[in-house]
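Colleague: quick one, fold the following:
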Amino acid sequence: MTARWKFSVIIAVSFALGAVGFLRDAAADLTPQQERGRVIYFSGTSPSGGQITAYFGKDLLEIPGEHAACSTCHGYDGLGRPESGIIPTNVTWSYLMKSYGHIHPDGFEHAAFTIDSLKRYMKEGIYPGEKRGDPAMPIYALSDQDLDDLLAFLMVIETYHDPGLTDKSVRIGIVYPDGGPQQETGRAMEHIISAYFRRLNEQGGMYGRKLELVPVSVSAAAESGKETLSAAISRKDLFALVSPFVPGRDQELTAAAEEEKIPIIGPVTLFPLETTSVNRYVFYIFSGLTEHLLALADFASEELKLSGRAALLLMPSRSSMKDLKAALEERAKKLGWKGLLVVEYGEHDFDPEKIARQLKGEDAEALIFVGGEREFRSLTAAIERSGWKGGILVPGVLVGGAIADVPRGLAANLAVAYPTAPSDRKEEGVKDLLLLSEGLSGSPYEVTRISAYVSARLLAEGLSRSGKVLSREDLVLSLESIHAFRTGLTPELGFSQNKRIGAFGAYIVTFSPAEGRGGLRPVAARWISLE
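Modeller: Numbering: from 1, shown residues only. Next up, the predicted model:
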């Protein structure tokens with residue numbers, strides 16, 4: 001291939017749209033027409049649903065447009081860097097505005113384009129002056145609207161690029177609170193990801209670009225007068241976020257992803273899905289609290305045969321629990337439960353003895369508990385005293401170490417949901433996490449540290465699949481294509497257009513009394529898939 005066609009396909013964009021006033025700030029939004037043109041430029045497909053076809057050679061070999069997208073040769077910024085003997089032309093605005101025509105690297109010369117002559121070249125392969133282009137370069141069959149849209153985007157390509165992206169670097173942000181214990185958790189996650197990026201950069205980076213990790217410290221709550229997450233993200237000029245940790249501001253984070261159109265990989269949250277619609281920019285590693293409870297419900301239906309008597313859902317009285325309750329009620333109905341009795345408690349009115357009596361009085365077969373360690377300890381003690389023998393279903397991410405204090409007599413009735421299990425930890429993953437955790441105190445197997453490590457690996461995989469010509473859209477599409485991805489520390493991860501939780505399900509762990517005086521020991525960990 002020569003450079004002739006690569007240059008001439010888009011050289012007359014400046015004349016097509018007519019004025020320097022179309023130049024735009026890189027951070028500005030594209031117009032609807034320019035956005036449609038951007039899609040055509042990067043994907044070779046028509047947003048309007050029309051057909052785009054490329055024809056190569058004297059015999060006009062037909063190829064779908066997606067296999068001959070402009071960005072393949074001209075790049076995300078239009079600079080057209082030489083590769084494999086091909087010399088794609090620089091198509092930035094300042095270059096295209098030359099009014100005296102162009103001389104190609106092979107010596108071929110032609111006059112400046114006009115909008116009409118450019119369109120003719122793209123459709124017929126004829127340069128100004130009735131000069132025929134190189135037959136090795138394609139001509140295109142596409143609608144007039146698609147062609148106009150493409151030219152509209154090419155007009156601004158010199159000033160358009162995704163934030164945080166240059167020829168030499170990709171700026172990736174990690175967000176965490178600016179104080180308290182949560183800040184220390186965030187810093188530990190930053191330590192692991194930074195070490196992973198440093199090693200990757202020492203190996204040459206990603207297609208010649210270095211990954212730069214940028215910490216974004218934010219307030220722990222969305223307080224009046226405080227900077228919004230969207231503003232904090234925009235201010236840092238970031239291409240993507242990895243493993244952000246903003247407890248209490250999860251919904252604001254997903255809204256920021258949509259507003260900024262920034263990919264977010266592996267946010268640490270108990271509520272990965274805020275609505276029934278998929279946020280296409282957010283990719284979660286683990287299921288959250290709602291999914292863990294659904295997995296517990298599925299497990300209980302199989303093991304406890306909950307079809308005759310009611311189950312009791314005990315949960316805090318908070319607005320954030322509204323969707324959780326609705327999802328579990330719907331699941332109970334689908335599973336054929338007789339009923340789901342919902343009991344809510346306030347911050348200062350938790351009465352374990354009353355709840356234990358209610359379990360017996362309602363003749364409930366199971367208790368589904370949503371609450372903290374202190375409440376769980378007092379509740380299980382009260383249940384043992386009451387003599388109630390139903391199933392106790394609880395998400396482990398909430399009760400933590402209180403599982404070790406469950407009375408031995410309740411061991412056989414206990415089922416706990418976890419995002420990972422020891423069986424997920426393979427030798428390679430364990431060694432790598434330990435290496436990257438060097439210098440940190442505490443357990444390397446904390447969910448937040450595992451999430452940070454896996455998120456960094458997932459981001460690297462997405463960037464690798466995107467290739468040298470990179471954009472946020474490329475990264476999103478690449479992440480959607482990941483299936484059965486093995487991390488060495490988690491269940492296999494997989495995504496799609498309609499699936500944004502990589503490990504969509506939970507391990508349900510059952511117990512028996514430990515040998516000796518007290519405590520429990522896990523006897524089985526079963527993965528319950530929600531796919």
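
Colleague: longest helix in this structure, by residue count?
Modeller: Determined from DSSP state H, the single longest helix within the chain is helix 180-202.

Colleague: tell me the helices and strands packed up against the helix or strand just after it.
Modeller: Where DSSP states H and E defines the elements, the next helix or strand beyond helix 180-202 is strand 210-218. Contacts defined by 3 or more CB pairs under 8 Å, 6 or more residues apart in numbering; DSSP states H and E place strand 210-218 against strand 169-177, helix 180-202, helix 229-235. C-betas here are computed from N, CA, C, even on glycine.

Colleague: show me what the helix or strand following the last one is packed against.
Modeller: Sequence-wise, the next helix or strand downstream of helix 229-235 (DSSP H and E) is strand 240-242. If contacts are counted by 3+ CB pairs under 8 Å, 6+ apart, strand 240-242 sits against strand 169-177, strand 264-265, helix 447-466.

Colleague: list phi and psi for the closest residue to Glu373 other than its chain neighbours.
Modeller: Leaving aside its chain neighbours, Glu373 sits nearest to Ala402 (4.0 Å; criterion: CB to CB, 6 or more residues apart in numbering). Ala402 has phi and psi values of phi -70, psi -20 when expressed as degrees, to the nearest 10.

Colleague: quick check: the gap between Ala402 and Gly396.
Modeller: 10 Å (CB to CB, to the nearest Å).

Colleague: likewise for Glu473?
Modeller: 37 Å.

Colleague: now swap in Leu211 and tell me
Modeller: Leu211 is 33 Å from Gly396, by CB to CB.

Colleague: the more surrounded of these two?
Modeller: Leu211 (23 against 19; other CB atoms under 10 Å).

Colleague: check contacts around the closest residue to that one other than its chain neighbours.
Modeller: Spatially, and ignoring its direct neighbours in sequence, Leu211 is nearest to Phe197 (4.3 Å; CB to CB, 6+ apart). Contacts for Phe197 (CB atoms under 8 Å, 6 or more residues apart in numbering) come out as Ile172, Leu211, Glu212, Leu213, Ala456.

Colleague: quick one, what contacts the first one?
Modeller: Think Ile172. Gly164, Phe197, Leu211, Glu212, Leu213, Val214, Leu238, Phe239, Ala240, Leu241, Val242, Leu459 are the contacts of Ile172 under CB under 8 Å, 6+ apart.

Colleague: just the residues you listed now: which is nearest Tyr445?
Modeller: Val242 (19.6 Å; CB to CB).

Colleague: so what's that closest one bridging to?
Modeller: Ile265 (DSSP bridges).

Colleague: look up how far Ile172 lies from the residue nearest to Leu211.
Modeller: Counting by CB to CB - Phe197 and Ile172 are separated by 8 Å.

Colleague: could you tell me how far Leu200 is located from Ile368?
Modeller: 43 Å.

Colleague: which one's more surrounded, these two?
Modeller: Ile368 (25 against 18).

Colleague: separation between Ala240 and Lys123?
Modeller: Distance from Ala240 to Lys123, by CB to CB: 37 Å.

Colleague: the two: which has the busier surroundings?
Modeller: Higher neighbour count among Ala240 and Lys123: Ala240, with 26 against 15, using other CB under 10 Å.

Colleague: need the contact list for the more buried one.
Modeller: With CB under 8 Å, 6+ apart, Ala240 has these contacts: Gly164, Val170, Ile172, Gly173, Ile262, Pro263, Ile264, Ile265, Leu459, Arg472, Leu475.

Colleague: you'd agree the fourth one is up against Val214?
Modeller: Spelled out, it's Gly173. Yes. Using CB atoms under 8 Å, Gly173 makes contact with Val214 at a distance of 4.8 Å.

Colleague: list residues touching both of the two?
Modeller: Counting by CB under 8 Å, 6+ apart, the residues touching both Gly173 and Val214 are Lys236, Leu238.

Colleague: could you dump the contacts of Ile172 to JSON lines with pLDDT and distance to Arg249?
Modeller: Converted to JSON lines, those look like this (pLDDT from 0 to 100; distance: CB to CB, whole Å):
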{"residue": "Gly164", "pLDDT": "92", "distance to Arg249": "21"}
{"residue": "Phe197", "pLDDT": "98", "distance to Arg249": "25"}
{"residue": "Leu211", "pLDDT": "98", "distance to Arg249": "25"}
{"residue": "Glu212", "pLDDT": "98", "distance to Arg249": "24"}
{"residue": "Leu213", "pLDDT": "97", "distance to Arg249": "20"}
{"residue": "Val214", "pLDDT": "96", "distance to Arg249": "18"}
{"residue": "Leu238", "pLDDT": "95", "distance to Arg249": "17"}
{"residue": "Phe239", "pLDDT": "96", "distance to Arg249": "21"}
{"residue": "Ala240", "pLDDT": "97", "distance to Arg249": "18"}
{"residue": "Leu241", "pLDDT": "97", "distance to Arg249": "13"}
{"residue": "Val242", "pLDDT": "98", "distance to Arg249": "17"}
{"residue": "Leu459", "pLDDT": "98", "distance to Arg249": "21"}
